[in-house]
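Participant: next comes the sequence, and after it the predicted model I'd like to discuss.
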Amino acid sequence: MDLAVLVTVGGAVLLFGAGWLIDKFFGGLIEEIGKRTLDRLLRRPSKGLLGQRALRKYVNDVRRNYATHTMSFRQDDAAITVEEVYIPVQYQSGGRRLDVEQAVVGQSRVVIVGEPGAGKSMLLKHLMLAWARDPMRDPHVPVLIDLHQYGSSTLRELLAKALSHGRRQISLEQLDDALDAGRLRLYFDGLDEVTRDNFPAVLNELRELARGNSGCPMVVTCRESVYRGILAAEFGAPLKVAELDDAALRRLLLLLIKDRKRCELLVAALHANRQVLELARSPMLLTMISYLYEEGLFGERAEKLPKSRSEFYEQAVAYLLRRDEARGLNSMTRHGPAVKLAVLRKVALLLMNKPSGRTISHRELLAEVRAEADDFNLEPREATELIDEIVDRSRLLIRLVDADQVYAFRHLTLQEYLAAVELTKRGDELLKLYRGNPTTWQEVVRIWCGQVSEDCTWLLRAIYTDPEAHPLVLLCLAEATRVDHAFAEKVIDAFIARVRREEPLQESVIRALGTLAGAGGPRGRRVLSALLEIADPDVDAPAHVAYRVLAASGAPEALRRLLEAADSIPTARHALRTMGDLAVHGLAKEWRIWTIDELGLLGTPAAAEALFELLPEFHDPQRVAWWLAALLNSDDVRAAFSGNTSQENSTWITKPYRGDWSPQLCSVVEVVVKTLRGSEISHLVEKQRSKASPGLSSASVPPAGLPSIFPPIALAALAADPNPIVRLSLKLSEPERVALEVVKSRVRVSPGMLESHDSGQVWSALWNISHKNANDKELRTAADKLAELVISKAEIGEAVKNLLCALEWPMRAVIAGGLLKGWGGRQDWALLKEVRPKPVLLRRIFAVSLSLTALLVVGAGCYRLVSTIRGSWPGGATLLVWVTSGGIVLLLVAGVLCVVTSLFDIARLFSIASYIVTLLSGVVGGVGLLMCGLMTLADGQAPLVGGYGIWLLIFTIGICILFGLGYRQRYRLWANPYRRLLVRCAPHCLPSHTTPVQIGLFSH
């Protein structure tokens, strides 16, 4: 047969076989790519509500509208940058303080309740800005609605207005499409600010949105006293914003004052003044206190702090009205503080009686001032000037941003205080107003009782007839200036009797009774003594309710009694946990296993600091280290370790974070990692030998109830292990195969990437999980089953396995998937912060040089093969040529047989034989062709290059090696496995200047 015909037929058969192989192994991938490409070509560019252009504009609107927040009472009333002073908002659950932000992200329906100024609005602004930084992380587009605007517009109209930007107005039909598709995340702020007339309507609309749009997460904020479970059927139990603990209080003060020494002086003064400290646990009131302190009202060392709520408001209002005088700016004002105070009192009472409750128009305000002009000794034409001075100089009233002719008090608590002052001599009117709307007037009643000098027993006795008002009466007894002793004793005895009988009390009653017990004075000491008697450990009677009230009091005597009981009574231990930082010092002195667990469950920065101090001395250091590893997940806890300790002993463990973390935090993390890995156990055991410590294992298990640990701790421990890889092929049981199918059905895996064996499928499935799947409970169950199997087979120490199992589940699953391919060691971990661009140019140069080398060798081999067959090659190695040619021909024939056996029902044995022959002939033909090419180049008889062939080969191989090594090094920096893991599962743990945008797509 002619050689040209042979080459033509062989080429056709080879192309056919190659096509069959491509379809066999990559057909699914090609088909999927084709479908997606066709779908993109056929789909019109998105111009809908949430198209790319519209979304870009909306992101810019969010950044512009929510970047600042008026915290009031700052120097010159300057707005602050939200992200600069944001303090994570927390709530209490099971005695632990948890992050509200995580709860909001993890639940579809949430109601957040709290007192005015607790940080609810700041939280929602922070969530909006967090989304705007990386809009692609959340499939839902957040929309923030201020509910005080409700009335003139419905909720749907307010949503459409919030989503509109520039000239583009969103229609209600477009909004409905987005709601039906589940594209929005809805934030409704200030349910308590809706007018009484509109309140039923807004509740109905909120319920309809919650029921009809299950795909859209919703958050509603409301004042606790107003909420009362009105949306419980749709939203479940509310999250109550916890007061600032000591660490958060200190952190916010430092952000506001920006002077650590002055900040510490004010903190010390607050801790010495319990009543004002309770006020300062509200972010809004703490802002007021910090401003007045900087203005010098409380003295250089804050020694002039007021002693009660009423006194604080009185001083704050008086100073703001006389601020220009204090600054020597008398020429800036014409009207005295007495006139302004009288106007503000009347306006406050007017607003408290209005259905809206919060705003007053310019016309109404002007009419109110002019109506009293004669009494104020004012000319009617001076009314506008007086209003401007109140707004611009005193800043107790503000013009709302969205309507220049509408006014409101800066904070509702100021309005309530001024209304109480206006009603000082009109107690009967106050009682009537309270009975008409107890929710609105209860704070006014409390302030009124604290600031009037007359006997208020008659008012409290009238209110006490309503069982719902019992918490208010207890709070008034704690603050009232004058109350009949017999009445006070009667109320106190009634509640003490209920505590003694172990009657279940509402949480509001427990807090109010605790406030009275901690208020001091004869009444407070009477309550506290009775509670201590009931909770006496020598008495066998149960005292569970008494424990809760004692914890709410915060008194030092209560702490001592709870510590005595907590050793054997779980309810006392739980109550102790609710005391927060007040309990830290007492718990740290007990030196028992349960006190370590309670400090960990307490979870505050102060508790973390106490644990770290106990770590080198406690007889079970690993238990302490486990809790520290979990608490370091909190931003507040990490911020608490801000000392400048020496870094002489620092190692590779904290190298990626040394520019971000303080030296003390680096030291804490290093000690925790070393302790949990067991490398520091030996000297700790030796240190504790004299204390009869139990044996310490280098691979202790996490304590029960431990939250997920801080990811860098587990990753550093993983990088320290010499063999972080699974070398055995996995064999799945039937339940594990079912779990694998569940994961594959939930996680998007690229077609064609699934391996034919079990290990490859497990790797592909687990590797594609991310933090976006965190709320899928079924996926978590299946992924945990597979991750447990992989981690158990890994060639890593037991200590590292325990650390990996203590991570949050998406990260645990991805790490387990990576164990099947291998993780980097210490060098990769140390290079975590080194971000480089993807080495595309080096890869292309390497590919070109490799292709040229292969082309040179294969071309020379083919030339020699053809020349020898045609007889034109001058002798030598003919046997190799014919063996190579035979291998190539046999490869073509066997390939045809493989195709035939796959198309027709032929004996399986024959099919297997065809595949074996194809494989062997391919190896023989390929090796022979390579040898022919190398021999031709060595002989110096290659076409075109002649005697320079071998030098050209050496040069191209050198180029391949050079660029291959360079590409590998650069690729290692770009595709750092630990960085890619954090991008996918814990972006908040990335070192600074390391963002998902810089890193690019997550791949393996």
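Facilitator: Perfect, I can see it now.

Participant: which residues sit in contact with the residue nearest the centre of the chain?
Facilitator: Closest to where the C-alpha atoms of the chain average out (CA atoms, centre = their mean) is Q102, at 4.9 Å. Contacts for Q102 (CB atoms under 8 Å, 6 or more residues apart in numbering) come out as none. C-beta coordinates here come from the backbone N, C-alpha and C atoms, glycine included.

Participant: what helix or strand is it on?
Facilitator: helix 100-106 (DSSP states H and E).

Participant: before we move on, what about L186?
Facilitator: strand 184-189.

Participant: for P537, same thing?
Facilitator: Per DSSP H and E, there is no helix or strand for P537.

Participant: buried ones in the helix holding Q102?
Facilitator: 100-101, 103-105 (16 or more other CB atoms under 10 Å).

Participant: distance to I593 for the residues you listed - can I get that in a markdown table?
Facilitator: A markdown table is the format used below for the buried residues of helix 100-106 (distance: CB to CB, whole Å):
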| residue | distance to I593 |
| --- | --- |
| V100 | 30 |
| E101 | 32 |
| A103 | 29 |
| V104 | 34 |
| V105 | 34 |
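
Participant: name every strand pairing with the strand holding L186 and say which way it goes.
Facilitator: Applying DSSP bridges, strand 184-189 is found paired with strand 141-146 (parallel), strand 218-223 (parallel).

Participant: other residues contacting the last one?
Facilitator: Surrounding strand 218-223, the residues in contact under the criterion CB under 8 Å, 6+ apart are 104, 108-116, 120-121, 123-124, 185-192, 206, 209-210, 231, 235, 238.

Participant: from these, keep the buried residues only.
Facilitator: 104, 108, 110-116, 120-121, 123-124, 185-192, 206, 209-210, 231, 235, 238.

Participant: helices of the stretch 151-300 of the chain, start to end?
Facilitator: Using DSSP state H, counting those that start in this stretch, the helices found in the stretch 151-300 of the chain span residues 155-163, 172-180, 199-212, 224-227, 232-235, 246-257, 260-271, 274-280, 283-294.

Participant: among those helices, which is nearest L934?
Facilitator: helix 172-180 (65.4 Å; CB to CB).

Participant: buried ones in that closest one, by neighbour count?
Facilitator: Here helix 172-180 shows 174-175, 178-179 as buried, counting by 16+ other CB under 10 Å.

Participant: ok, so of the residues you listed, who is nearest N198?
Facilitator: N198 lies nearest to L175 out of the buried residues of helix 172-180, by CB to CB, at 20.4 Å.

Participant: what mean pLDDT does stretch 937-946 have?
Facilitator: Stretch 937-946 shows a mean pLDDT of 73.

Participant: how about that stretch: buried residues?
Facilitator: Judged by neighbour count (16+ other CB under 10 Å), stretch 937-946 contains these buried residues: 937, 939, 941-942, 945.

Participant: any idea how far it is from the middle of the chain?
Facilitator: 66 Å (CA atoms, centre = their mean, to the nearest Å).

Participant: buried ones in stretch 920-938?
Facilitator: Those buried within stretch 920-938 under the rule 16+ other CB under 10 Å are 921-922, 924-926, 928-937.

Participant: tell me how far V473 lies from V527.
Facilitator: Relative to V527, V473 is positioned 13 Å away (CB to CB, to the nearest Å).

Participant: do the same with L256
Facilitator: In terms of CB to CB, L256 sits 35 Å off from V527.

Participant: neighbour-wise, which of the two wins?
Facilitator: V527 (27 against 24; other CB atoms under 10 Å).

Participant: quick one: neighbours of the nearest residue in space to that one that is not next to it in sequence, just the number.
Facilitator: The shortest distance from V527 to any non-neighbouring residue, by CB to CB, 6 or more residues apart in numbering, is to A517 (4.2 Å). Neighbourhood size, A517 [other CB under 10 Å]: 29.

Participant: what comes up buried for the helix or strand harbouring L601?
Facilitator: In this assignment (DSSP H and E), L601 forms part of helix 593-602. By neighbour count on 16+ other CB under 10 Å, the buried set for helix 593-602 is 595-602.

Participant: and of those, the nearest to L249?
Facilitator: Using CB to CB, L602 is the member of these that lies nearest L249, at 15.8 Å.

Participant: how about the residue nearest to Y86 when sequence neighbours are not counted, what does it touch?
Facilitator: Among residues not flanking Y86 along the chain, H126 sits closest, at 4.8 Å (CB to CB, 6+ apart). Residues counted as contacts of H126 (CB under 8 Å, 6+ apart) are 82-83, 86, 101.

Participant: which of those fall in helices?
Facilitator: If you go by DSSP state H, the contacts of H126 have 82-83, 101 in helices.

Participant: just put these in TSV and tack on pLDDT and distance to P337.
Facilitator: Below are the ones in helices among the contacts of H126 laid out as TSV (pLDDT from 0 to 100; distance: CB to CB, whole Å):
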residue	pLDDT	distance to P337
V82	76	33
E83	75	37
E101	84	42
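
Participant: flag the shaky bits of the stretch 551-700 of the chain, pLDDT-wise.
Facilitator: Applying pLDDT under 70 to the stretch 551-700 of the chain flags residues 644-650, 679-699.

Participant: can you show me the helices along it?
Facilitator: Taking DSSP H, counting those that start in this stretch as the test, the helices found in the stretch 551-700 of the chain are 556-566, 570-577, 584-588, 593-602, 605-614, 621-631, 635-640, 663-677, 681-688.

Participant: any idea which of those gets closest to S867?
Facilitator: Across those, closest to S867 is helix 663-677 (CB to CB), at 64.8 Å.

Participant: could you dump stretch 731-750 to CSV, C-alpha only?
Facilitator: The C-alpha trace of stretch 731-750 is given here as CSV (Å, rounded to 0.1, in the frame of the first residue of the first chain):
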residue,chain,number,x,y,z
LYS,A,731,-14.4,2.9,50.4
LEU,A,732,-17.9,4.3,51.0
SER,A,733,-20.6,2.4,52.9
GLU,A,734,-24.2,2.7,51.7
PRO,A,735,-25.1,5.6,54.1
GLU,A,736,-22.0,7.4,53.0
ARG,A,737,-23.0,7.0,49.3
VAL,A,738,-26.4,8.4,50.1
ALA,A,739,-24.7,11.4,51.8
LEU,A,740,-22.5,11.8,48.8
GLU,A,741,-25.5,12.0,46.5
VAL,A,742,-27.1,14.6,48.8
VAL,A,743,-24.0,16.8,48.7
LYS,A,744,-23.7,16.4,44.9
SER,A,745,-27.4,17.4,44.5
ARG,A,746,-26.9,20.6,46.7
VAL,A,747,-23.5,21.8,45.5
ARG,A,748,-22.7,22.9,42.0
VAL,A,749,-19.9,20.8,40.6
SER,A,750,-18.4,21.4,37.2
